[in-house]
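Colleague: Have a look; sequence and predicted model below, questions after that.
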Amino acid sequence: MRFKAYKLYCHTCCRYGNQQFPGINKHQRATWRAQAAVFHEHSRGVSQKDLSERYKKGKATIERWYQRHYEEQHRELINKPCPVVLGIDEHFFSKKEGFATTFCDLRKHKIFDVVRGRREQELKEYLQQLPGKERVKVICMDLSSTYRSLVKKYFPNAMIVADRFHVIRLIQHQCMMTCRELSTEIKNNRGILALLRTRPDNLSDEKKVKRDAFFTENPAIEAIYQFQQQLHSLLMKRALTQHECRKVIPTFLEMLAELKQSGFKALASLGKTLWAWKDEVARMWRFSKSNGITEGFHRKMKLIQRRAYGFRNFENYRVRVKVLCG
């Protein structure tokens, strides 16, 4: 299509200017809608070669349009305020760059931002300049002492809630380590190990008979198993009222005291860890959400990396994640 445009002249500043048409940006030979169509087709898997043949453009032009569309959408997300409920977790980016930290909006199920690094030295500059930190009320995270110190320092109004999955996994891991110390049969028999890891209500009657027969020969392991199940059922409670939490807290503290006094190294270490995080773990009873939303986005981020055959530039990766997941 050909347009007839007027060349304008300003007598005040003595400069020329060209007439602008709606939908066509400055210095562009294609409309914004045409570039958006290329962006969506390329995102669905149409190759640059096929798009360049269809639109009679070079591959470099198709790539430039594609990147420009990402940048335009990312520009709309730059001044986004901090979410009230935030999820923080780490994920691996590349061997050269190492790990990256994910900030997820747990209320809206969207990625707020992705920042390079996971240590305070790497995140300090970003967190100092982050606007709206005082809006954050709840932060869900795993049992990372580094992230806990960062939250207490840079998010003054936020309460830390431990991620339920990581707490339960830690309990099961330490209990299984103790069971392996008590019985060499567990190391060589993965069937028994699977019985001990599976929840009792998910076991069939036949498997329960096998489990009970093993407990008859190993009463010490049965005691650890019963203790683990009691602690598991206690920590799986959620959305409790303040009155209900006050009833549960004494039982929780008694179980932690028993773990700390245990003669087994793994159980004593578990007791010390849970005691150091007792406030954050107890808040799980009041807070129903977990960091599973963030972990799900990590899966999508891996797919984004695989689709692009990896990223060398972290900023390109960050922009793409924020646009596709934000």
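Modeller: Looks like it arrived, so ask away. Remember, it's a predicted structure, so these values are computed and weren't measured experimentally. Numbering: from 1, shown residues only.
Colleague: In a strand, residue 87, correct?
Modeller: Yes: per DSSP: H, G, I helix; E, B strand; the rest coil, residue 87 lies within a strand segment.
Colleague: surely it meets residue 108?
Modeller: No: in this structure residue 87 lies outside contact range of residue 108 using Cβ atoms under 8 Å: 11.3 Å. For the C-beta atoms, the positions are set from N, CA and C on the backbone; glycine is no exception.
Colleague: More neighbours: which of the two?
Modeller: More neighbours surround residue 87 than the other of residue 87 and residue 108, with 28 against 13 (other Cβ atoms under 10 Å).
Colleague: give the contact list for that one.
Modeller: 102-106, 139-141, 291, 293-294 (Cβ atoms under 8 Å, 6 or more residues apart in numbering).
Colleague: Check residue 264 too.
Modeller: Residue 264 touches 178, 181, counting by Cβ under 8 Å, 6+ apart.
Colleague: how far away is it from residue 307?
Modeller: 46 Å (Cβ to Cβ, to the nearest Å).
Colleague: Show me where the stretch 101-250 of the chain has its helices.
Modeller: Using DSSP state H, counting those that start in this stretch, the helices of the stretch 101-250 of the chain run over 120-129, 145-154, 164-182, 185-188, 190-197, 205-217, 219-235, 242-260.
Colleague: Walk me through the domains of the protein.
Modeller: Domains of the chain are assigned by automatic domain parsing as 7-77, 85-162+290-325, 167-285.
Colleague: could you dump these to CSV with mean pLDDT?
Modeller: As requested, those are exported to CSV (pLDDT from 0 to 100):
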stretch, mean pLDDT
domain 7-77, 83
domain 85-162+290-325, 93
domain 167-285, 92
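Colleague: so which of the ones you listed is the most packed in?
Modeller: Comparing the domains of the chain by mean neighbour count (mean count of other Cβ atoms under 10 Å), domain 85-162+290-325 comes out on top with a mean of 17.
Colleague: Please state the offset of that one from the chain centre?
Modeller: 7 Å (Cα atoms, centre = their mean, to the nearest Å).
Colleague: And for stretch 199-210?
Modeller: 33 Å.
Colleague: what sits up against that stretch?
Modeller: 191-192, 195, 198, 211, 229, 232.
Colleague: try stretch 221-232
Modeller: 168, 171-172, 175, 178-179, 182-183, 196, 199-200, 214-215, 255, 258, 267.
Colleague: show me the contacts for the residue most central in space within the chain.
Modeller: Geometric centre of the chain, nearest residue: residue 294, 2.5 Å, by Cα atoms, centre = their mean. If you count contacts by Cβ under 8 Å, 6+ apart, residue 294 has them with 87-89, 102, 104, 106, 140.
Colleague: Give the helix, strand or coil label for it.
Modeller: helix.
Colleague: Also residue 93?
Modeller: Going by three-state DSSP: residue 93 is strand.
Colleague: Residue 99 now?
Modeller: strand.
Colleague: how close does it get to residue 91?
Modeller: Residue 99 is 7 Å from residue 91, by Cβ to Cβ.
Colleague: same check, this time on residue 121
Modeller: 19 Å.
Colleague: Please tell me I have it right and residue 88 contacts residue 101.
Modeller: Yes: using Cβ under 8 Å, residue 88 is in contact with residue 101, at 6.7 Å.
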